[in-house]
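Engineer: attaching a predicted model along with its sequence, questions to come.
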Amino acid sequence: MRKKIIAANWKMYKNPRESLSFLDTFLPLVAGHERDEILIFPTATSLSTVIDRVEGTNVHAGAQTMHWLNEGPFTGQTSPTMLTSIGTTHVLLGHSERRLYANESYEHVNLKLKAAIAHDLIPILCLGEMLADRQTGYTKDTLLAQMGAALANLPTEKAQTLVIAYEPVWAIGTGSTATPDVADQAHAIIRGDLKNRFGPVVADAARILYGGSVKPDNVSALLAMPNIDGALIGGASLDPHSLALMVQYAAQ
Ligand SMILES: O=C[C@H](O)COP(=O)(O)O
């Protein structure tokens, strides 16, 4: 049985003070929920504050992106070693907003993924089709192409900790959540590709999260599907009561 992950992507919301205020309410609500993993991805400027505050709790904090090199003349970037030096455990890679607004390609994501694993950061690889892909019947092709580029030349022994987030772009922030069946079909494609690449052990162990307008009133139906192992939540993760409710539903 795969442990579920409830992950909050705060995107460009919450400064350090607001992050602490969230945690003051949230942490007591989820104390003792050891069964599942709870992850929070704050903004870069709130990351170390959140890491310090969640230390010793059942919550972990990760970065929303990173560069693949350890240092260099790359204005605005953060390196894997900088992240690990402050206690970061996870990193989101390839989020569609990074691909759309920061020109991040899956070739970059491939470099980042390998760097994350080399530095013992757990990568959460985000992928998902655009609405036009789905409408023209190219969902599977798109997902396989994204997997192929992001996971190129990754040896099987490095794929053990891989977490993937399926986030159809048309469902992000739109309120148009994928139905549990539609999401599960995409997750099955992703798991099948993992099996072809890395074999059944890695494929069976890999957690595949769904992201895209997840809320307390739809999370249970999504998590009940056989290939959905958690959720990556944007808007509905910004309220501590809403996120805590989803953690509780995941445990049922
Ligand atoms: O990383 C999270 C996703 O982009 C989903 O965002 P959302 O829950 O606001 O649709």
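Structural biologist: Cool, the structure landed. Keep in mind that this is a model prediction, so the values were computed, not measured.

Engineer: correct me, but M12 touches P42?
Structural biologist: No - using CB atoms under 8 Å as the test, M12 is too far from P42 to be in contact (10.1 Å). Heads up, the C-betas are built off the backbone N, CA and C, glycines and all.

Engineer: which one's more surrounded, those two?
Structural biologist: Neighbour totals were compared for M12 and P42, and P42 leads with 27 against 8 (other CB atoms under 10 Å).

Engineer: return the residues in contact with the more buried one.
Structural biologist: W10, K14, S19, T49, V50, A61, Q64 (CB atoms under 8 Å, 6 or more residues apart in numbering).

Engineer: from V54, how far out is it?
Structural biologist: 10 Å (CB to CB, to the nearest Å).

Engineer: and the residue nearest to E71 when sequence neighbours are not counted, how many neighbours?
Structural biologist: Among residues not flanking E71 along the chain, S79 sits closest, at 5.8 Å (CB to CB, 6 or more residues apart in numbering). Using other CB under 10 Å, S79 has 18 other residues around it.

Engineer: what residues does the chain put near the ligand?
Structural biologist: Within the chain, the residues that sit near the ligand (CB under 6 Å from any ligand atom) are 9, 95, 167, 172-173, 211-214, 232-236.

Engineer: show me which of these is closest to the ligand.
Structural biologist: Checking the residues of the chain next to the ligand against the ligand with CB to the nearest ligand atom, the nearest one is G234 at 2.4 Å.

Engineer: return the distance of the closest one relative to I172.
Structural biologist: Relative to I172, and taking CB to CB, G234 is found at 7 Å.

Engineer: which residues in this protein form strands?
Structural biologist: Per DSSP state E, the chain carries strands over the ranges 5-9, 37-41, 59-63, 90-93, 122-127, 163-166, 207-211, 230-233.
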